[in-house]
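Peer 1: here is a sequence with its predicted model. Questions after.
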Amino acid sequence: MAHGVVQVTNPSSSRWRRRTGEYDTLAAALEAATDGDVLTVGEGTYRENLVVDRAVTLRCAGGPGTVRISPPAGVAVTIRSAAVVHDLQVEGQDASAAALLVEGGAPELTGVRISTRSAVGLEIRAGARPTVRLCSVDNPAGVGISVLDGGGGLFEECEVVAAGQSGIAVRGGATPRLERCRVHHTSGSGLSVTGENTSLEAVGCEVFEIRGTGVQLSARATAQLTDCRVHRTTGDGISLDTDAVLALADCDIHDVPENAVDLRARSVLTLTRCTVRRFGRNGLSVWDPGTRVDANQSEIHDSTGDYPAVWVSDGAVAILDACRVHDVPDALFVLDRGSRADVVDSDFDRIRNTAVSVSDGANVQLDDCRIREAATGAWFRDHGSGGTLAEVTIDGTSTGVIVTKGADPTLERCTVTDPSEAGVYVSAEGRGTFTSCRVTGSRGFGFHIIDGCRSTLTRCRTERCARGGYEFAEPGPVTEDCTSDRAATDDAPTPVPEPVRQTAGQSYGLLGGAPQGPPAATGAGQDVRVAARDSEDVLADLDALVGLDSVKREVRTLIDLISVGRRREQAGLKAPSPRRHLVFTGSPGTGKTTVARLYGEILASLGVLELGHLVEVARVDLVGEHIGSTAIRTQEAFERARGGVLFIDEAYALAPEDAGRDFGREAIDTLVKLMEDHREAVVVIVAGYTAEMERFLSANPGVASRFSRTITFGDYNSDELLRIVESQAREHQYQLGEDTAEALLKYFTALPKGPAFGNGRAARQTFEAMVERHAVRLAHVAEPTHEELQLLYPEDLPNLP
């Protein structure tokens with residue numbers, strides 16, 4: 001296309017300076033022009049390399065887009081002055097040069113369209129400070145806009161339509177400002193800011209449709225984004241590395257398949273009133289010592305993947321103040337020694353798995369926070385992990401707080417409401433200090449502390465807990481001034497007794513006076529070798545259990561079958577190979593764990609198992625928080641039980657009716673394969689309510705076939721409950737006074753026996769309540785006799801609930 005002429009005029013008011021000239025080329029017109037001249041460029045395509053080194057004005061005679069600057073090679077337009085350029089279309093063809101280069105000065109560019117296949121569409125360097133308005137860059141072969149070497153300037157309502165590399169790259173001490181700009185369809189970062197003393201300020205901008213990271217800062221660069229949107233990237237939404245510093249205010253990061261924001265290597269991020277949503281991995285991913293994120297009044301929600309919304313690891317720090325995290329698989333994961341999260345006045349709700357997880361020596365501090373509708377409220381996982389939860393409310397979870405494997409958190413004035421399982425669950429050498437904490441409306445226990453964990457409970461209270469306020473395993477926690485809503489007298493709440501330390505040869509409740517079997521190896525890493533006993537001695541312990549006649553027959557039949565089979569093998573005969581895995585069904589407190597422990601001992605005495613120890617686990621010990629972790633946890637539990645018995649209590653919890661994306665089925669599938677691959681190494685016993693266990697057995701086609709038989713544990717009748725109380729009285733050197741046995745029979749007959757009835761546990765709790773009331777009765781007797789110190793009377797019985 002031919003081009004027109006270039007008219008040069010000087011609009012000066014002085015008649016001596018007014019002049020006009022016409023030139024055939026832009027180069028000639030620029031050569032003739034002086035500062036202040038106006039170059040009116042005729043329509044057409046100019047195959048020239050322009051160098052604008054005078055403070056002139058260039059404008060198109062025919063309006064925007066009618067003048068094309070399109071040389072065959074080199075920089076199409078170079079500006080080295082305070083020139084004003086309007087409405088040009090610049091087209092470059094040189095893959096090693098910029099299409100439009102601003103090199104020094106403070107020019108103004110308005111309505112310029114750069115459509116090119118160059119190394120850079122628009123390059124600003126050498127301290128240039130242009131004002132660029134309503135301009136666009138389309139450069140599928142290279143960088144859209146590059147600002148470097150101390151350059152800067154103001155970009156208003158500009159657009160990078162496409163770029164083969166970064167949309168806008170800032171480096172070398174440059175400091176541009178973007179206002180209401182759009183960057184999209186790039187094949188590198190949308191915004192890239194690199195290097196010390198390099199900074200970017202963006203207001204009201206949008207970065208989207210990026211094949212890579214939306215915004216990337218590194219190597220001590222800084223940036224401030226206000227009222228900006230970053231979305232639809234293929235990489236992270238925002239990435240910070242190596243001492244980068246970024247402040248986000250009123251920004252929206254969304255529809256990102258990877259991390260919405262990833263920062264590491266001592267980078268610092270501040271979010272104020274920001275929204276992070278619809279991300280595929282972490283909403284905030286914070287790594288390495290010295291790295292820190294400080295979020296205030298921000299919201300993180302609607303994850304599209306299976307990863308924690310906030311991930312803090314390798315010594316990093318996260319601070320959340322007045323934030324909300326919701327509709328995500330997990331809310332906050334803090335991992336590794338030195339990592340820390342401080343959360344104040346924030347909400348975590350609608351969390352599919354765990355709201356707050358602390359592991360590998362990390363630490364958290366939650367003050368005045370609210371956790372709602374999560375599978376687990378807070379989980380302190382292992383040794384060295386801890387922190388403080390103060391005035392935190394946890395509502396509508398499966399389990400409120402879990403403490404395992406040596407973790408030792410502090411909870412003060414916290415409330416757990418309506419958990420479907422335990423309010424607080426401590427196992428596997430977990431500890432924890434709980435002060436003025438409350439559990440209400442639990443469908444399980446209020447505080448469920450097993451494996452003899454030495455937690456400390458002070459001034460805690462439970463109310464309306466279906467299976468009981470407190471369930472402890474010896475030696476158990478230290479308690480002080482803890483109460484339950486189950487009245488010990490008409491006008492006083494039930495105090496929680498200090499756990500009684502068990503001495504050698506003693507037994508409680510279900511053993512009915514028989515010698516206590518070896519301890520269970522229930523915690524992680526507690527592979528306890530059981531001192532071998534003769535099978536008849538162990539069977540004698542089984543026979544000494546109160547009631548359970550049908551259970552004893554079933555176990556004896558199975559043992560006889562195994563024993564005779566071993567003898568047939570020794571005689572060179574073909575022996576039956578019965579499956580040794582069992583299903584125990586029945587109500588709580590009917591002796592399932594005790595029988596499982598004895599069963600393991602018997603198999604060890606027969607040489608069927610190497611150790612015979614018991615590893616007791618529940619759903620919380622097997623099911624992980626993200627894809628792949630459940631299989632690892634299940635394998636670890638199975639390995640701890642090698643040579644013994646793996647006892648899975650409440651196994652039906654692995655197959656909930658509304659499973660959806662629940663990882664419990666992954667635990668079942670893993671368990672089935674392990675049972676097949678290591679059929680001689682471990683005996684697996686699954687236990688739970690009868691109806692629920694039927695659902696569990698149907699969850700995987702291979703489950704039912706792996707278990708040889710189901711043994712049903714019936715509820716204790718009143719006579720058997722009485723025998724348990726009598727046994728405990730003998731063990732603790734008490735005696736039942738006249739008419740006490742008859743009163744106990746009447747009490748147990750009248751005692752409500754719903755689905756959560758504790759059976760042997762109820763008998764033990766009754767005995768403990770009688771001991772407490774006996775102590776209250778004798779506390780005011782100056783010189784009680786030896787007989788009075790032993791005798792329990794009908795008036796020592798607790799009130800019926």
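Peer 2: Right, received. Where do you want to start?

Peer 1: shaky segments in the stretch 501-650 of the chain?
Peer 2: Counting by pLDDT under 70, the low-confidence segments of the stretch 501-650 of the chain come to 501-533, 535, 575-579, 625-628.

Peer 1: so Val343: helix, strand or coil?
Peer 2: strand (DSSP: H, G, I helix; E, B strand; the rest coil).

Peer 1: against Ala378, how distant is it?
Peer 2: Note on Val343: its distance to Ala378, by C-beta to C-beta, to the nearest Å, is 11 Å. Backbone N, C-alpha and C define where each C-beta goes, glycine included.

Peer 1: now do the shared contacts for these two.
Peer 2: 356, 366 (C-beta atoms under 8 Å, 6 or more residues apart in numbering).

Peer 1: neighbour-wise, which of the two wins?
Peer 2: Ala378 (32 against 29; other C-beta atoms under 10 Å).

Peer 1: residue contacts, the more buried one?
Peer 2: Contacts for Ala378 (C-beta under 8 Å, 6+ apart) come out as 354-358, 366, 371, 389, 392, 394, 400-402, 409.

Peer 1: now, which of the residues you listed sits nearest Arg567?
Peer 2: For those, the minimum distance to Arg567 (C-beta to C-beta) is 46.3 Å, reached by Ile402.

Peer 1: if you skip the residues just before and after it, what's nearest to that closest one?
Peer 2: Trp379 (4.4 Å; C-beta to C-beta, 6 or more residues apart in numbering).

Peer 1: buried residues, the helix or strand in which that neighbour is found. List them.
Peer 2: Counting by DSSP states H and E, the secondary-structure element that holds Trp379 is strand 370-380. For strand 370-380, a neighbour-count test (16 or more other C-beta atoms under 10 Å) marks 370-372, 374-380 as buried.

Peer 1: each with direction, which strands does it pair with?
Peer 2: strand 347-359 (parallel), strand 393-395 (parallel), strand 399-404 (parallel) (DSSP bridges).

Peer 1: how much space between Glu616 and Glu650?
Peer 2: 11 Å.

Peer 1: kindly report the same for Ala782.
Peer 2: Counting by C-beta to C-beta, the gap from Ala782 to Glu650 is 49 Å.

Peer 1: and the two? Which one has more around it.
Peer 2: Comparing Ala782 with Glu650 by other C-beta under 10 Å, the one with more neighbours is Glu650, at 19 against 4.

Peer 1: which residues touch the nearest residue to the more buried one once chain neighbours are set aside?
Peer 2: Of all residues not flanking Glu650 in the chain, Gly688 sits nearest, at 4.9 Å (C-beta to C-beta, 6+ apart). Gly688 sits next to 584-585, 649-653, 696 when contact means C-beta under 8 Å, 6+ apart.

Peer 1: please apply the same query to Ile602.
Peer 2: If you count contacts by C-beta under 8 Å, 6+ apart, Ile602 has them with 535, 538-539, 542, 555, 559, 612.

Peer 1: do Glu421 as well
Peer 2: Contacts of Glu421 (C-beta under 8 Å, 6+ apart): 398-399, 442-444, 653.

Peer 1: change it to 6 Å
Peer 2: 398-399, 444 (C-beta atoms under 6 Å, 6 or more residues apart in numbering).

Peer 1: in which helix or strand does it reside?
Peer 2: For Glu421, there is no host helix or strand (DSSP H and E).

Peer 1: what separation do you get for it and Cys460?
Peer 2: From Glu421 to Cys460 the distance is 18 Å (C-beta to C-beta).

Peer 1: returning to what we had before: may I have the beta-bridge partners of the residue nearest to Glu650?
Peer 2: Thr585.

Peer 1: ok, it to Val245 distance?
Peer 2: 54 Å.

Peer 1: same check, this time on Leu154
Peer 2: Counting by C-beta to C-beta, the separation of Leu154 from Val245 is 22 Å.

Peer 1: repeat for Arg273
Peer 2: Relative to Val245, and taking C-beta to C-beta, Arg273 is found at 19 Å.

Peer 1: again with Gly237
Peer 2: Shown here: Gly237 relative to Val245, a distance of 17 Å by C-beta to C-beta.

Peer 1: more neighbours, these two?
Peer 2: The residue with more neighbours, out of Gly237 and Val245, is Gly237; 29 against 19, by other C-beta under 10 Å.

Peer 1: pLDDT at that one, what is it?
Peer 2: At Gly237, the pLDDT value in this model is 97.

Peer 1: quick one: contacts for Asp138?
Peer 2: 115, 161-162.

Peer 1: just the ones of those residues in helices?
Peer 2: Applying DSSP state H to these, no entry is found in helices.

Peer 1: give me the ChimeraX select line for these, limited to the buried ones.
Peer 2: Of these, the buried ones go into a single ChimeraX selection, burial set by 16+ other C-beta under 10 Å:
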select :115,161,162
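
Peer 1: and the helices in this protein?
Peer 2: Under DSSP H, the chain gives helices at 26-32, 535-544, 549-570, 592-605, 619-622, 629-640, 664-677, 690-697, 703-706, 718-731, 740-750, 760-778.

Peer 1: now render those helices as a markdown table, adding distance to Val426.
Peer 2: Converted to a markdown table, the helices of the chain look like this (distance: least, C-beta to C-beta, whole Å):
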| stretch | distance to Val426 |
| --- | --- |
| helix 26-32 | 81 |
| helix 535-544 | 28 |
| helix 549-570 | 29 |
| helix 592-605 | 17 |
| helix 619-622 | 11 |
| helix 629-640 | 17 |
| helix 664-677 | 21 |
| helix 690-697 | 24 |
| helix 703-706 | 29 |
| helix 718-731 | 24 |
| helix 740-750 | 30 |
| helix 760-778 | 18 |
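
Peer 1: go through those and name the closest to Thr198.
Peer 2: Once the helices of the chain are compared by C-beta to C-beta, helix 26-32 is nearest, at 32.8 Å.

Peer 1: lowest average confidence across helices and strands of the protein, where is it?
Peer 2: strand 492-495 (a mean of 48; mean pLDDT, DSSP states H and E).

Peer 1: and the spatially closest residue to Ser313 that is not a sequence neighbour, bridged to which residues?
Peer 2: Spatially, and ignoring its direct neighbours in sequence, Ser313 is nearest to Leu335 (4.2 Å; C-beta to C-beta, 6+ apart). Beta-bridge partners for Leu335, by DSSP bridges, are Ser359.

Peer 1: surely Leu335 is in contact with Val364?
Peer 2: No: look at Leu335 against Val364 with C-beta atoms under 6 Å: they stay out of range, at 11.0 Å.

Peer 1: more neighbours: which of the two?
Peer 2: Taking neighbours as other C-beta under 10 Å, Leu335 and Val364 compare with Val364 leading, 24 against 21.

Peer 1: quick one: residues contacting the more buried one.
Peer 2: Listed by C-beta under 6 Å, 6+ apart, the contact set of Val364 reads 334, 341, 358, 387.

Peer 1: ok, now Thr388?
Peer 2: Contacts of Thr388 by C-beta under 6 Å, 6+ apart are 365, 410.

Peer 1: give me the most central residue, this protein.
Peer 2: Nearest residue to the geometric centre of the chain (C-alpha atoms, centre = their mean): Asp330, 3.6 Å.

Peer 1: quick check: closest non-adjacent residue to Pro72.
Peer 2: Per C-beta to C-beta, 6+ apart, closest to Pro72 is Gln93, 6.0 Å.

Peer 1: wait, I meant Ala704
Peer 2: Here the residue nearest Ala704, using C-beta to C-beta, 6+ apart, is Leu697, at 4.5 Å.

Peer 1: then Gln165?
Peer 2: Gly188 (4.1 Å).

Peer 1: surely the one you found and Gly212 touch.
Peer 2: Yes: counting by C-beta under 6 Å, Gly212 is a contact partner of Gly188 at 5.1 Å.

Peer 1: from Val364, how far off is the residue nearest to the centre of the chain?
Peer 2: 14 Å.

Peer 1: now swap in Gly760 and tell me
Peer 2: 38 Å.

Peer 1: Arg665 now?
Peer 2: According to C-beta to C-beta, Arg665 and Val364 sit 30 Å apart.
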